[in-house]
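Peer 1: Let's see this in three dimensions:
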Amino acid sequence: MKIALRSLLTLLFASTALAAPADGGTAVFDLDRAAEELNILADIASQLEEQGKEINAELQKEQQALLTQLQGMQKMVGTSPTDAQRTQLAQGASRLDAEMNLKRATARAQLEARQNELTQEFTASIKPIALSVAQDAGYKAVSLKQTLFTFDPEIEITNAVIEAATKAGLKREVKTPAPEEETSEKSDSESASSEKSE
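Peer 2: Reported below is the predicted structural model:
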């Protein structure tokens, strides 16, 4: 997931990169590291995971509904179906399977569209910050580190962009679920142990 997100980030940022004028210098920016340190990749992955869970739950309901339809068809033909009924049953099963495959493909497309949307939001928000940092340092344009073969490290502005982006509120909070159950179990265990010792 991270590899795909990074590739998409690079593509979106580079597709609208500013061209350097003949008399201007170009700064270098590591978009992958910025996305990592600003917790963008983790946040996008988390959002996609949550949406994926919702979609999977809905798919399971739809799959169960289709299975119920198939079981109803099997019940109608009984235990000794004719050749014609077997053919109809097979066609019905194939149709229901095709419907389910279409629903899965639609779900994947929804997740990909959401990933693109979230990635575009980040690149759109980081781009003016990167340009502003570059201009403050005397540069006229910004190039992605991922697209360059080699460069002088002195022209890299990644750290400054990350700092500016953090001040601008772009850094995401990584949600880590609190181990409530584990803590509760530990407390119960400690209480039981204490009672035994008494």
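Peer 1: going forward, measure contacts between C-alpha atoms and count neighbours the same way
Peer 2: Noted.
Peer 1: Please enumerate the strands of this protein.
Peer 2: Remark: strands assigned in the chain by DSSP state E are 26-29, 141-144.
Peer 1: Identify the residues contacting stretch 121-137?
Peer 2: By Cα atoms under 8 Å, 6 or more residues apart in numbering, the surrounding residues in contact with stretch 121-137 are 9, 12-13, 27, 29, 40, 140-142, 157, 160-161, 164-165, 170.
Peer 1: re the thing from before, quick check: which of the strands of the chain is buried the most?
Peer 2: Comparing the strands of the chain by mean neighbour count (mean count of other Cα atoms under 10 Å), strand 26-29 comes out on top with a mean of 24.
Peer 1: as a whole number, average confidence for that strand?
Peer 2: Averaged over strand 26-29, pLDDT sits at 95.
Peer 1: and that strand, C-alpha only, in PDB?
Peer 2: The C-alpha trace of strand 26-29 is given here as PDB (Å, rounded to 0.1, in the frame of the first residue of the first chain):
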ATOM      1  CA  THR A  26      15.700  24.700  -8.500                       C
ATOM      2  CA  ALA A  27      15.300  23.200  -5.000                       C
ATOM      3  CA  VAL A  28      14.900  19.500  -4.300                       C
ATOM      4  CA  PHE A  29      12.100  18.100  -2.200                       C
END
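Peer 1: Packing partners of it?
Peer 2: In terms of contacts (3 or more Cα pairs under 8 Å, 6 or more residues apart in numbering; DSSP states H and E), strand 26-29 is packed against strand 141-144, helix 158-167.
Peer 1: rewinding a little: residue 74 is nearest to which of the strands of the chain?
Peer 2: strand 141-144 (59.9 Å; Cα to Cα).
Peer 1: Could you report the neighbour count for residue 76?
Peer 2: Residue neighbour count, defined by other Cα atoms under 10 Å, stands at 12 for residue 76.
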